[in-house]
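[1] Generate coordinates for the sequence data below:
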Amino acid sequence: MTTAPAAAAPIAFLKGHGTENDFVIVPDPDNALALPAAAVVRLCDRRAGIGGDGLLHVVRSEAHPDARAMADRAEWFMDYRNADGSVAEMCGNGVRVFARYLQHAGLTDAGDLDIATRGGVKRVHLDKNGDITVSMGRAVLPGTDVTVSVGNRAWPARNVSMGNPHAVVFVEDLAHAGTLYDPPAFSPPAAYPDGVNVEFVVDRGPQHVAMRVHERGAAETRSCGTGACAVAVAAARRDGHDPAATGNPVTYTVDVLGGRLVITETPDGAIGMSGPAVIVAEGHIDPAWLGSLEFAVA
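    Residues are numbered from 1 along each chain as shown. As a prediction, this is how the structure comes out:
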């Protein structure tokens with residue numbers, strides 16, 4: 001008598017968003033699941049999968065080779081994947097949702113928390129009012145001259161790194177960004193050898209801007225946390241504000257399609273981002289649905 005092989009166990013997942021930048025969350029403390037790019041793409045598919053701008057793989061730092069060196073500073077590692085399956089250094093909205101998941105799962109309380117990312121260790125504060133503030137590190141502003149173009153329009157862009165690359169473009173109308181289905185063209189190509197997140201920005205009032213963004217690996221998204229930080233820094237420099245020079249912090253309100261983020265840069269260069277993060281659902285992935293792309297044991 002032949003015994004049929006046991007069916008693979010369902011895999012837990014959650015769904016969350018930060019200002020409508022949404023993520024599939026896969027808890028995997030021991031890093032026991034392999035995440036092939038094709039499986040990530042399928043999970044993030046909005047029609048045939050769960051749907052999301054990216055995937056948050058929740059792993060203990062000591063269990064992941066990319067985070068082991070940070071384990072003495074941060075227990076948890078955000079192994080972030082773009083919707084196209086590619087690996088990304090950082091995601092500001094993703095960090096807030098990651099922290100909200102840890103709180104939801106009873107793995108942390110309100111207060112301060114350190115989270116390891118490929119962009120370094122990020123300090124997070126879970127406010128009692130429900131918002132989450134992330135210490136995003138310092139912006140780097142390479143002096144490279146960059147041009148971004150959409151159709152027959154072209155603009156100079158501010159090159160800003162937040163641990164991942166950004167090109168910030170100030171425009172008269174957000175409609176000038178076009179559909180953002182495809183990555184906007186940029187030059188010179190050497191400025192962003194691995195691609196770039198492109199933010200289109202208009203003014204709404206004093207120290208208040210609105211943006212649209214094409215995220216590398218995900219097309220247009222409803223929000224981008226690192227992008228909002230890059231926009232605030234670029235707008236501050238355009239407006240003559242440099243906290244390192246004046247000794248005074250500067251705060252910008254950044255409206256995204258999915259809500260509002262508040263960005264503060266302090267005289268030491270540290271950037272804080274505050275905004276909401278919500279867990280909306282949880283359940284199980286059926287390994288049979290993933291078929292040949294199912295999660296394998298690492």
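[2] From here on, just use CA atoms for contacts and neighbour counts.
    Will do.
[3] mind listing what's buried in stretch 89-106?
    By neighbour count with 16 or more other C-alpha atoms under 10 Å, stretch 89-106 contains the buried residues 89-102.
[4] From the residues you listed, pick the one nearest residue 251.
    Using C-alpha to C-alpha, residue 92 comes nearest to residue 251 of those, at 16.9 Å.
[5] Spatially nearest residue to the closest one, not counting backbone neighbours?
    Spatial nearest neighbour of residue 92, chain neighbours left out: residue 225 (4.1 Å); criterion: C-alpha to C-alpha, 6 or more residues apart in numbering.
[6] now stretch 153-164: how far from the chain's centre is it?
    Chain-centre distance of stretch 153-164: 17 Å, with C-alpha atoms, centre = their mean, to the nearest Å.
[7] same question, stretch 127-137
    Here the centre of stretch 127-137 is set off from its chain's centre by 15 Å, with C-alpha atoms, centre = their mean.
[8] Can you give me the buried ones in that stretch?
    Neighbour-count burial for stretch 127-137 flags 131, 132, 133, 134, 135, 136, 137 (criterion: 16+ other C-alpha under 10 Å).
[9] same thing with stretch 177-192?
    Residues of stretch 177-192 classed as buried: 177, 180, 183, 184, 186, 191, 192 (neighbour count, 16+ other C-alpha under 10 Å).
[10] Go through these and flag which are in strands.
    Using DSSP state E, residue 186 are the members of these that sit in strands.
[11] Turn the buried residues of stretch 127-137 into a markdown table, including secondary structure, pLDDT and distance to residue 284.
    Shown next, in a markdown table, are the buried residues of stretch 127-137 (DSSP: H, G, I helix; E, B strand; the rest coil; pLDDT from 0 to 100; distance: C-alpha to C-alpha, whole Å):
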| residue | secondary structure | pLDDT | distance to residue 284 |
| --- | --- | --- | --- |
| 131 | coil | 92 | 27 |
| 132 | strand | 96 | 27 |
| 133 | strand | 96 | 29 |
| 134 | strand | 94 | 29 |
| 135 | strand | 94 | 32 |
| 136 | strand | 91 | 32 |
| 137 | strand | 91 | 35 |
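[12] Thank you kindly, that will do.
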